[in-house]
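1. no FASTA, just this:
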Ligand code: 4AZ
């Protein structure tokens, strides 16, 4: 979520400044514009990811059942009735006439959720009515948590963009070993919850503010399977600081139970 990521960014920058090694925002040589385009700058084509949705607080999500959206815990408030979220579905372009909008009625957030960097960053949102759109399956035991995965969202296309995207962008990112990721973030004063997170990214390609809650997916036997949820990161596409994703396989039973309760 924009506010949380900004505060994490600030907190980490402050820690680093105190340590005398502030990680600077990515910039090209003096005077040039920043070079770190995130999410690869590729606009999705209509119908490519029919289960991905946008949430009104500025997050992504996925339709995991006709009336239930999966998103990040830090995108929503606590468990209980919630009529404050508007979900936009069925389109790549949020301003399209064909966009389907539907309100939330209830939220279940992970019981142990504290803040995005502490793990348990998932929540499910019940919609006021079911949508007639494809749903996505969640990764189970058989799905690998390493490899190259597709990530997507309507978030910023650059760390400094200060603007969300009108069209859905997507990119493919390789996973990074937990140890590499944890060592990098420890320098910035943040401890990655390794057994609940997947780190991923490559030079110049990452998710960014506003992509939170959206999916990390891969194709299994011709069907898309969701393996992660966009959770957090220090800035966007900074070398050495990878995007951190909620590791879905770890939470599948709890999420499925929550989806069942809301369906
Ligand atoms: C966010 O706030 C966000 N670079 C998502 C992903 C990343 C940073 C922030 C990872 O939605």
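-> Noted; the coordinates are in hand. Predicted, not measured: the structure shown is a model, and the values here were computed from it.
2. Who is the residue nearest the centre of the chain paired with across the strands?
-> Most central in the chain under C-alpha atoms, centre = their mean is residue 230, positioned 1.9 Å from the mean C-alpha point. Counting by DSSP bridges, residue 230 is bridged to residue 245.
3. what about it, distance to the ligand?
-> Computed as C-beta to the nearest ligand atom, to the nearest Å, the residue 230 to the ligand distance reads 5 Å. In short, each C-beta sits where N, CA and C put it, glycine included.
4. Spell out which parts of the stretch 51-200 of the chain neighbour the ligand.
-> Applying C-beta under 6 Å from any ligand atom, we find that the stretch 51-200 of the chain lies next to the ligand at residue 155.
5. Residue 125 contacts residue 104, doesn't it?
-> Yes: proximity of residue 125 to residue 104 meets the contact threshold set by C-beta atoms under 8 Å, at 4.9 Å.
6. circling back: residues in contact with the residue nearest to the centre of the chain?
-> With contact set as C-beta atoms under 8 Å, 6 or more residues apart in numbering, residue 230 has these partners: 60, 72, 151, 153, 207, 211-216, 243, 245.
7. re earlier: could you tell me which residues touch both of residue 125 and residue 104?
-> Common neighbours of residue 125 and residue 104, counting by C-beta under 8 Å, 6+ apart, are 82, 85, 87.
8. How many residues are close by the residue in the stretch 101-250 of the chain that the ligand sits nearest to?
-> Here the residue of the stretch 101-250 of the chain nearest the ligand is residue 233; by C-beta to the nearest ligand atom that distance is 2.5 Å. Residues near residue 233, counting by other C-beta atoms under 10 Å, number 33.
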